[in-house]
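>>> I'd like to go over a predicted model; first the sequence, then the structure.
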Amino acid sequence: MVTSRAINLGLQLAALKSALPETQGTVRAGELRCTVVLQPTPASRHYTARLTYRHHRVPRVAIIDPPLALHPGATSLPHVYSNGDLCLYLPGQWKGSMLLVATILPWTSQWLLYYELWLITGHWMGSGHDHPADTGSLK
């Protein structure tokens, strides 16, 4: 079995900063932590996302600004884990040999687009699985 090696965290951060120069981040004690500003479409708001990643773990992404609102009538955000992290991919879909800038950032931007459409329509247009936090949300 051929196993791809995980990409060095410093290289991951450098690639993020190369694509989005305003990215703020550090690599300390084996953990990459950074904030990026994303705008899914030219008509969209700017969102500040916090990305945290350690080798042999999955990347975690949370939107820290602006606070995510609910669609009227919804009781929770769709495709968000109970800890507030976004659900961006199916289990096993992301590998440590992938660049965060080529996977996690576009997936986060796509999630934000689906979120903006959900705020308007009440229907989540992306794919994926429901989470316990999704129970009362509109589908």
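Received the coordinates, thanks.
>>> buried ones in stretch 82-97?
85-88, 94, 96 (16 or more other Cβ atoms under 10 Å). From N, CA and C alone the C-beta is placed, and that goes for glycine too.
>>> Rebuild those residues as TSV, extending it with pLDDT and distance to Val27.
Converted to TSV, those look like this (pLDDT from 0 to 100; distance: Cβ to Cβ, whole Å):
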residue	pLDDT	distance to Val27
Asp85	97	20
Leu86	97	22
Cys87	95	25
Leu88	95	21
Trp94	92	19
Gly96	94	14
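>>> Let me know the closest of these to Pro78.
Cys87 (8.6 Å; Cβ to Cβ).
>>> out of everything not next to it in sequence, what's closest to the closest one?
Once flanking residues are discounted, Cys87 sits nearest to His79: 4.2 Å by Cβ to Cβ, 6 or more residues apart in numbering.
>>> how distant is stretch 66-85 from the center of its chain?
Its chain's average C-alpha position is 14 Å from that of stretch 66-85, according to Cα atoms, centre = their mean, to the nearest Å.
>>> which outside residues touch stretch 116-130?
For stretch 116-130, contacts defined as Cβ atoms under 8 Å, 6 or more residues apart in numbering pick out 40-41, 44-45, 69, 71-74, 78-79, 87, 90, 110-111, 114, 137-139.
>>> Stretch 33-53 too?
9, 12-13, 16, 20, 22-27, 31-32, 59-66, 100, 104-105, 108-110, 112-113, 116.
>>> swap in stretch 94-113?
4-7, 12, 15-16, 18-20, 32, 36, 38-41, 44, 47, 49, 51, 53, 55-56, 58-59, 61, 63, 79, 86-89, 126.
>>> Now the buried members of the contacts of stretch 33-53.
So, of the contacts of stretch 33-53, 9, 12-13, 16, 23, 25, 27, 32, 59-63, 100, 104-105, 108-109, 112-113, 116 end up buried under the neighbour-count rule (16+ other Cβ under 10 Å).
>>> Okay, and which of those residues map to helices?
9, 12-13, 16, 104-105, 108-109, 112-113, 116 (DSSP state H).
>>> Reformat those into a markdown table and put pLDDT next to each item.
As requested, those are exported to a markdown table (pLDDT from 0 to 100):
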| residue | pLDDT |
| --- | --- |
| Leu9 | 98 |
| Gln12 | 98 |
| Leu13 | 98 |
| Leu16 | 98 |
| Ile104 | 98 |
| Leu105 | 97 |
| Thr108 | 98 |
| Ser109 | 98 |
| Leu112 | 98 |
| Leu113 | 97 |
| Glu116 | 97 |
